[in-house]
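Student: Structure here, sequence nowhere to be found:
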């Protein structure tokens with residue numbers, strides 16, 4: 001009960017991208033680039049927002065990759081109400097580990113606005 005009260009239920013949940021076919025659609029997807037970040041977008045026709053994170057080993061050791069993933073998830077949660085429905089693949093570069101959280105949110109916001117303008 002207490003955990004449910006901590007979450008804002010007015011925002012639609014961010015769902016994971018599942019299945020090989022879903023990831024195959026990202027090959028021909030629109031890609032926008034920000035400082036240290038790439039976002040691919042596919043309008044799947046689904047009403048929800050689906051997000052996947054591709055953080056390769058070149059970014060750093062597992063501890064660093066997991067920290068980046070947690071920060072990206074928090075940034076996506078913060079911007080969820082501005083995201084158009086569809087599927088997103090977020091791909092950070094190694095320098096993403098060294099930017100502030102606010103810069104990360106701003107870069108992601110810029111990428112999302114580019115996606116919105118290209119629709």
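Tutor: Arrived safely, thanks for sending. This one's a predicted model, so the numbers in the text were calculated from it and none came from an experiment. Numbering: from 1, shown residues only.

Student: how about residue 38, secondary structure?
Tutor: Of the three states, residue 38 takes strand under DSSP: H, G, I helix; E, B strand; the rest coil.

Student: Measure how buried the nearest residue in space to it that is not next to it in sequence is and give me the count.
Tutor: Once flanking residues are discounted, residue 38 sits nearest to residue 91: 4.4 Å by C-beta to C-beta, 6 or more residues apart in numbering. Quick note: C-beta positions are derived from backbone N, CA and C, even for glycine. If you count neighbours by other C-beta atoms under 10 Å, residue 91 ends up with 19.

Student: wait, is residue 91 part of a helix?
Tutor: No. Remark: residue 91 does not belong to a helix; assigned using three-state DSSP, it is strand.

Student: For it, give its distance to residue 47.
Tutor: 25 Å (C-beta to C-beta, to the nearest Å).

Student: again with residue 100
Tutor: 33 Å.

Student: Give me the most central residue, the chain.
Tutor: When C-alpha atoms, centre = their mean is applied to the chain, the residue found nearest the centroid is residue 90 (4.5 Å).

Student: I'd say that one and residue 37 touch.
Tutor: Yes. Assessed by C-beta atoms under 8 Å, residue 90 is found in contact with residue 37 at 7.0 Å.

Student: So for those two, which residues contact both of them?
Tutor: Common contacts of residue 90 and residue 37, defined by C-beta atoms under 8 Å, 6 or more residues apart in numbering, comprise residue 108.

Student: what about the strands in this structure?
Tutor: All strands of the chain, identified by DSSP state E, fall at 14-16, 30-34, 37-42, 49-53, 86-92.

Student: Could you dump these into JSON lines and include mean pLDDT and distance to residue 69?
Tutor: As requested, the strands of the chain are exported to JSON lines (pLDDT from 0 to 100; distance: least, C-beta to C-beta, whole Å):
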{"stretch": "strand 14-16", "mean pLDDT": "86", "distance to residue 69": "12"}
{"stretch": "strand 30-34", "mean pLDDT": "91", "distance to residue 69": "17"}
{"stretch": "strand 37-42", "mean pLDDT": "94", "distance to residue 69": "13"}
{"stretch": "strand 49-53", "mean pLDDT": "94", "distance to residue 69": "5"}
{"stretch": "strand 86-92", "mean pLDDT": "94", "distance to residue 69": "9"}
